[in-house]
Structures are given as C-alpha cells and as structure tokens.
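# predicted model and sequence below, questions to follow.
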Amino acid sequence: MNFFKSFHSEISAIVNTLSASGDLPEGLDTSRVTCEPPRDASHGDVATNAAMVLCKPAKMKPRDLADKLAPKIAEIDHVVSVDVAGPGFINVKLANDFWYARLKDVLKAGTNWGDSDMGAGQSVNVEYVSANPTGPMHVGHGRGAVVGDALALLLSKAGYDVTKEYYINDAGAQVDVLARSAYLRYLEAHGQAIEIPEGLYPGDYLVGVGEKLKETYGDKWLNAEESDYLEEIKTFAINAMMDLIRDDLAALGVTHDVFSSEKALVENGGVDAAIKYLEDRGLIYTGVLEPPKGKTPEDWEPRPQLLFKASEFGDDVDRPLKKSDGSGTYFASDIAYHFDKFKRGSDQLIDVMGADHGGYVKRMKAAVKAMSDGKADLDIKLAQMVNLLENGEPVKMSKRAGTFITLREVIDKVGKDVVRFIMLTRKNDAQLEFDFAKVKEQSKDNPVFYVQYAHARCHSVFRKAEEEFEGIDLSVENLMNADLSHLTDESELAVMRFMAEWPRMVEAAAKEHEPHRITYFLYDLASEFHSLWNKGTGDVSLRFLHADNPDLTKARLALLKAVSLVIASGLLVLGVEPVKELR
C-alpha cells in the first residue's frame, strides 16, 4: 500500500466534492498534486502542494485555497492535525493507529511488502552487460551487470513484465582478433614458442582455450592458412568466452532470459530488413556529411553515404548506415537489433551501457523513435567507471586478463553481495570508488555492513527471545495479534513511518529507473533502527525483551520482525541475500 498515493486520491475526491458544491470551479486537474513526506519530519507525516498547483486554475490565492482544503483534509481517517504553512503548503499529522496498521500490513505481506501493480504487466526489455565475447569481464562490466539486474528486479516488483537480455557482439572485427589470439594459444598448446604481437589479446585466459582446441582438433590447424581456420576457431572461441562470461555472471547472481546474437541477426537479414523499413518511410537518403567537429579539410574526405535522417528525431546530425566497402555500420546493426526487440513485443526498452557509449545515446533514441513510429521508448543508462582501490591506493593490473582486474577476482575477494550492494551506492552515471579495505570495515561508513547489521541485529533478538522465553511463538501469525499501542516512543514511531514509505520508494525508483535509490532507503532505515537500538542501550525501558511485560515484548518483537522483512525486501530487489548473523 502506497499510502501517499491513497492520500492523493482522498485529496482529489475532496477537490471534486468542493467543485460539485460550487466552492471550487469544475474540472480542476489534480494530476500535478503531490503527496509526500515533508522535508522536515517535525512538520508532520504528509505534505501536499495541492493549493499551490490548483490556485491558478481555481483563480484563488494559494493560502485561501489551502484554508478551504484543510478542514476537509482534517476529516480523513487517522488525521489528527492539519497545518497550512508558508504560501500554502498543507502539512498533515497522522494518528499512531495509522502506523500500527501499516506495521501489520508489513507483517501480512512479508518480503512482498512494496509490491506494486504500477507497471500493469507492461512489457519492458532490459538489455545489460553485452560485453564483447573476447575475454573475462572487468569490474566496469560488473557495474553495468548489477545496475541492469537490480533495475530488472525493481521493475518486476513494481508490476512490469520484464525480459532480461544480453546482446552478443559476435560479428565485428574484435572477434576476428579473438580467433587469431586463440590460434596462437593453440600453437602454444602444441609446444610451439609464441610471441603475442600488438593488437592481439595477451591474457592468460586464452591458454585454456588453446588447450581445448588441441583436444578437439588435434594438429588439424597447425600449418593451416588463416582463411581455413578463422571461422571455425572464431566460433569455438566465442562459445568458450560466452561460457566464461556466463559463469562470471552466475557468480555475481546475474542471469538473463535471452541471449541475442549480432551475427545471427545479420545473417538472417535483420539489418537489411531494418534499413528497408526505414527506406520505405522515406527516412534514408544518399548524401555527404559535414566534416566532424575539430577536423580540418585535409583530414576529411567527403563521400556519398547511405544516411538515416536521425536529425528529424532529435539527433544532432544524420547518421551513416553503410561503410565504404558496402557493409553495414555498427549503428545499422544496432537499429536492427532494437527493431527486433520492439517487434518481439517490448515498447519500453532500457539499455545499460558503459560511459564510453555516451555519444550513442541521441542516435539510438532517434532510431527507436523512427522505427517504432514513436510507440517505443528507449532509456539508456550509462554506467560510469569503477576505480578499484586498496586502502586508497590503485590496485595493480591482473595477470590473468593482461590489462585489467577481472570481475571474478573482485567477487572472489569480497563476495557477490558486497559487490552488488556497493555498485549501487552511487547513481549509475557517477564514478564509483571500490576500496577493498573499506568494504570489509564493520562500521557505519560501510553501507553494506550497516544495513546487514540491522537485519542481523533483529535476528539476534529473536534468538535471545527463544533462549529466555521457553516456547515463545515468533511466527508472523502470532505477532500480527500483538497490541501495538505499547509502541509509543518517538524512535519506534519513526521506524514505523519509514517502513511505511517503502511502497512509495519502490514505485518512485521504478518510475525513474534508479535502483540506487533502494540502497539509500535501506541505509536510512538501518539508521533509524540503529538509533532505536542505541536508545535502548541507555534506557532499559526501551529494550526489546521484558520478562515482566509479555505484551510489550510481543509488540516490540512485531516491530523487529517488520524491520527485518522490509530490509529483506529491499535487499532482494538488489539481488543481495539478507544475513541473519554477521561473521
């Protein structure tokens, strides 16, 4: 239950009633009215800008309209006070019974608390990772993987029908380089001394591929021409790299529903079909582009090219679809691929890409708008760099990869849950520092520890309760019957208020495609809980277990159970396993 949304409905009904009675003009649009937590918690529980956004169409001063709305808002169930502040903001205070009811909602829903029907089953395709199949993934790929996977989980919780997709770039020049590199390792497996020239992949990860090639083909390719071995070894190496990538993704807890091949798309005529589709709509022509910015005439050789009218759909310039040799550009393949996703039934497309693809955003948005006749929407999330540190110092490169630290090395060092959580502690387009020493700290400065510690603390009380109260029933069914009126301390109520905001947070984060908001919410909830815990350290009456007061104990255990469920619900959206005990 997103109670802020319910409150919005209540205010809309009040506006309609006042319009029907002639106190307000008819037809007032309340879609811009917001109901949200006040910036200052001391102002109340709900703040609305209704008077501010409706004053102009109502032809009233904001304060006068607020004074007209306030008495009606005061009649809403559980409202104990309404205050008109400043130029016309309306702040509402709710009764404790309201928060007790929300706590029971949490207990009843369990980790499904926050589930929403906002998406109404709309099909969303989230494409992420899509690393070139030329080697193991680096930590930058890992950030994109976590952002995409958490976003997919978040959208599913918000009621969307999500397809998680990986696009295999297996048709470009980079896979030819892979095949040549693998061939050298094949020769090495046969005992030949090799030297890896500049431009090929030097990483040790191809040693095993060379050995498997030897096992599979024997000496078949030892003296072969490149034209004879290239295609077969390329297919073999791509499959080996995709197995490696899938294995690394599995270690990160990431799975995809669909793997799409660029090579298959091209060979099946997908690129030609997409170009023809645009051509039939008059969106392609042969022309000469202006020289790129920063180029002098000597650097530029103008030539006729097949161009897509990208500038008609929001791009800066029109874009070429064919190279000088007549083959399709990368952009042409990408148009075909997104056309294919749209034809499969997704009119909401999300791509998670590396920050180096920033120049691709406008052209791809233009292409999607053109090929879907404006029916599809494309959101591109750029994942910025991750700086790996150890006590503030840059981490040295990996021998296995040759040029970078592999994602698998990071996972093996700190665990998948730490990697996933830390990757979401910053917005995707902000650079991230990942310090191995910091993520192992057991302190408030380590957000993953701080949140997991709150969850583990709840379960430590459950264990202590089982030790001290023989036969105690900690089931949700029993705790649902607790008399919550015993929970009157402001710290207890603050925790309840914060848990009640979780459904709103799910919807807001899903709407904006921002899974990092979930880590922020969890950290703040953990902070509220730790504050309550620490208060009980100095005030015995605020401790959770009281042998002489079973009703109070039961109420506080109900609160703890709810806290653990909301934290677990949030961690599951992040793809992180909630822990019951820290080691």
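That came through fine.
# please save the CA atoms from stretch 415-431 in PDB.
The C-alpha trace of stretch 415-431 is given here as PDB (Å, rounded to 0.1, in the frame of the first residue of the first chain):
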ATOM      1  CA  GLY A 415      31.700 -11.900  -2.200                       C
ATOM      2  CA  LYS A 416      28.900 -11.200  -4.700                       C
ATOM      3  CA  ASP A 417      26.600  -9.500  -2.200                       C
ATOM      4  CA  VAL A 418      29.200  -6.900  -1.300                       C
ATOM      5  CA  VAL A 419      29.900  -6.300  -4.900                       C
ATOM      6  CA  ARG A 420      26.200  -5.900  -5.800                       C
ATOM      7  CA  PHE A 421      25.400  -3.500  -2.900                       C
ATOM      8  CA  ILE A 422      28.500  -1.300  -3.300                       C
ATOM      9  CA  MET A 423      27.900  -1.000  -7.100                       C
ATOM     10  CA  LEU A 424      24.500   0.600  -6.200                       C
ATOM     11  CA  THR A 425      25.700   3.100  -3.600                       C
ATOM     12  CA  ARG A 426      26.100   5.700  -6.300                       C
ATOM     13  CA  LYS A 427      23.900   6.700  -9.200                       C
ATOM     14  CA  ASN A 428      24.900   4.800 -12.400                       C
ATOM     15  CA  ASP A 429      26.300   7.900 -14.100                       C
ATOM     16  CA  ALA A 430      28.600   8.900 -11.200                       C
ATOM     17  CA  GLN A 431      32.100   7.500 -10.900                       C
END
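# all strands for the stretch 1-150 of the chain, in order.
35-36, 46-48, 79-85, 89-94, 123-127 (DSSP state E, counting those that start in this stretch).
# mean pLDDT, distance to residue 432 and mean neighbour count added to the ones you listed, as JSON lines?
In short, each C-beta sits where N, CA and C put it, glycine included. Output for the strands of the stretch 1-150 of the chain, formatted as JSON lines (pLDDT from 0 to 100; distance: least, Cβ to Cβ, whole Å; neighbours: other Cβ atoms under 10 Å):
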{"stretch": "strand 35-36", "mean pLDDT": "95", "distance to residue 432": "28", "mean neighbour count": "18"}
{"stretch": "strand 46-48", "mean pLDDT": "96", "distance to residue 432": "33", "mean neighbour count": "23"}
{"stretch": "strand 79-85", "mean pLDDT": "95", "distance to residue 432": "38", "mean neighbour count": "16"}
{"stretch": "strand 89-94", "mean pLDDT": "96", "distance to residue 432": "36", "mean neighbour count": "21"}
{"stretch": "strand 123-127", "mean pLDDT": "98", "distance to residue 432": "20", "mean neighbour count": "24"}
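# point out the other helices and strands that the helix or strand containing residue 352 packs with.
According to DSSP states H and E, residue 352 maps onto strand 348-354. Judged by 3 or more Cβ pairs under 8 Å, 6 or more residues apart in numbering; DSSP states H and E, the packing partners of strand 348-354 are strand 123-127, helix 139-157, helix 330-343, strand 377-383.
# at 10 Å instead, please
strand 123-127, helix 139-157, strand 161-168, helix 330-343, helix 361-371, strand 377-383 (3 or more Cβ pairs under 10 Å, 6 or more residues apart in numbering; DSSP states H and E).
# so what are the sheet partners of the first one and their directions?
Read that as strand 123-127. The sheet places strand 123-127 alongside strand 161-168 (parallel), strand 348-354 (parallel), with pairing taken from DSSP bridges.
# make CSV from those and add mean neighbour count to it.
Converted to CSV, these look like this (neighbours: other Cβ atoms under 10 Å):
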stretch, mean neighbour count
strand 161-168, 22
strand 348-354, 22
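# could these be laid out in JSON lines, adding mean pLDDT?
Shown next, in JSON lines, are the strands paired with strand 123-127 (pLDDT from 0 to 100):
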{"stretch": "strand 161-168", "mean pLDDT": "98"}
{"stretch": "strand 348-354", "mean pLDDT": "97"}
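# tell me which of those sits nearest to residue 323.
Nearest to residue 323 among the strands paired with strand 123-127 is strand 161-168 (20.3 Å), distances taken as Cβ to Cβ.
# and the angle from the closest one to helix 139-157?
Here strand 161-168 runs at an angle of 160 degrees relative to helix 139-157 (axes from the mean of the first three to the mean of the last three Cα atoms, to 10 degrees).
# most packed of the helices and strands packed on strand 348-354?
Neighbour counts (mean count of other Cβ atoms under 10 Å) averaged over each of the helices and strands packed on strand 348-354 peak at helix 139-157, with a mean of 26.
# centre of the chain to that one, how far?
Distance of helix 139-157 from its chain centroid, counting by Cα atoms, centre = their mean, to the nearest Å, is 5 Å.
# equivalent analysis for stretch 174-186, please.
35 Å.
# okay, now the unreliable bits of this protein?
Where the chain drops to pLDDT under 70, the residues are 294-300, 397-403.
# re the thing from before, make a markdown table from the strands of the stretch 1-150 of the chain and add distance to residue 385 to it.
A markdown table is the format used below for the strands of the stretch 1-150 of the chain (distance: least, Cβ to Cβ, whole Å):
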| stretch | distance to residue 385 |
| --- | --- |
| strand 35-36 | 33 |
| strand 46-48 | 38 |
| strand 79-85 | 43 |
| strand 89-94 | 41 |
| strand 123-127 | 20 |
